[in-house]
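1. Have a look; sequence and predicted model below, questions after that.
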Amino acid sequence: MSSLWVLVTALAAAAAVLLLVPALPGERSAAGSQAWGRVLSWRRRTRRDSAEQADAAVLLDLTAALLRAGTGVEAAFARLAQSVPGAEPLAGVHRALAAGAAWEQAVEAVTEDSELVSFCEHLSFAYATGAPSARMLQAAAVRARAERRNQAEAAAEKLGVKMMLPLGACFLPAFILLGVAPVVVSLLPDALGI
């Protein structure tokens, strides 16, 4: 059994090496380079899909740092849009604010992303008053993380409740058929006097 396990592991390792390690420049074939290109494009696409949505708490922390460094709110939008993956729609907010649009009109560019909407809601007071609000933004980031943790805990609790139905529907009959029924059948002859 252990030699079979070693063989399967060796085959899996060889397949991984063949797929992930590029061939030497003189040994490249069309099929090999196409396979390597597919692997790389899949990895890029996976990274891009997993990082599509920016985190409001991280954006709030970064904005607080930018405000402490002397950057204005509008310029902070531009910098975040350039440097944070998933925050690209903030460039539209920056352009609208720079063109003189009202705050409510400018933030309509991010209505599709709930994290960016939350981020803009926290920044609305700082933009309206011009007050130094780095501490307020950091407190909002802490609150946003706490809310996300509470939502995750609530979802985990609901999942535990939802899992009881399949557990009861599948495992209880199996337990009765495999655990209780044989004991009852073995006690029947003694109980009936057979």
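-> Happy to help now that I have it. Numbers count the residues shown, from 1 in each chain.
2. by contact count, what packs against the lengthiest helix in the chain?
-> If you go by DSSP state H, the chain has its longest helix at helix 134-162. In terms of contacts (3 or more CB pairs under 8 Å, 6 or more residues apart in numbering; DSSP states H and E), helix 134-162 is packed against helix 56-68, helix 114-129. Backbone N, C-alpha and C define where each C-beta goes, glycine included.
3. Can I get the first one in CSV? Just the C-alpha atoms.
-> The C-alpha trace of helix 56-68 is given here as CSV (Å, rounded to 0.1, in the frame of the first residue of the first chain):
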residue,chain,number,x,y,z
ALA,A,56,-13.4,49.4,3.0
ALA,A,57,-11.4,49.1,6.3
VAL,A,58,-8.1,48.9,4.4
LEU,A,59,-9.1,51.9,2.3
LEU,A,60,-10.0,53.9,5.4
ASP,A,61,-6.6,53.1,7.0
LEU,A,62,-4.8,54.1,3.8
THR,A,63,-6.8,57.3,3.5
ALA,A,64,-6.1,58.2,7.2
ALA,A,65,-2.4,57.8,6.4
LEU,A,66,-2.7,59.9,3.3
LEU,A,67,-4.5,62.6,5.2
ARG,A,68,-1.9,62.6,7.9
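4. Quick check: the nearest residue to residue 68 once chain neighbours are set aside vs residue 171, distance?
-> Leaving aside its sequence neighbours, residue 68 sits nearest to residue 134 (CB to CB, 6 or more residues apart in numbering; 4.8 Å). Remark: distance between residue 134 and residue 171 (CB to CB, to the nearest Å) = 54 Å.
5. in the chain, what spans have low per-residue confidence?
-> For the chain, the stretches with pLDDT under 70 are 1-52, 132.
6. Quickly compare the helices and strands packed on helix 134-162 and say which is most buried.
-> Most buried of the helices and strands packed on helix 134-162, by mean neighbour count (mean count of other CB atoms under 10 Å): helix 56-68, with a mean of 21.
7. That helix: what's the following helix or strand?
-> Later in the chain than helix 56-68, the nearest helix or strand by DSSP states H and E is helix 73-83.
8. What is the subsequent helix or strand relative to that next one?
-> Next element after helix 73-83 (DSSP H and E): helix 90-98.
9. Contact partners for residue 110?
-> Neighbour list for residue 110: 89-90, 92-93, 116-117, 119-120 [criterion: CB atoms under 8 Å, 6 or more residues apart in numbering].
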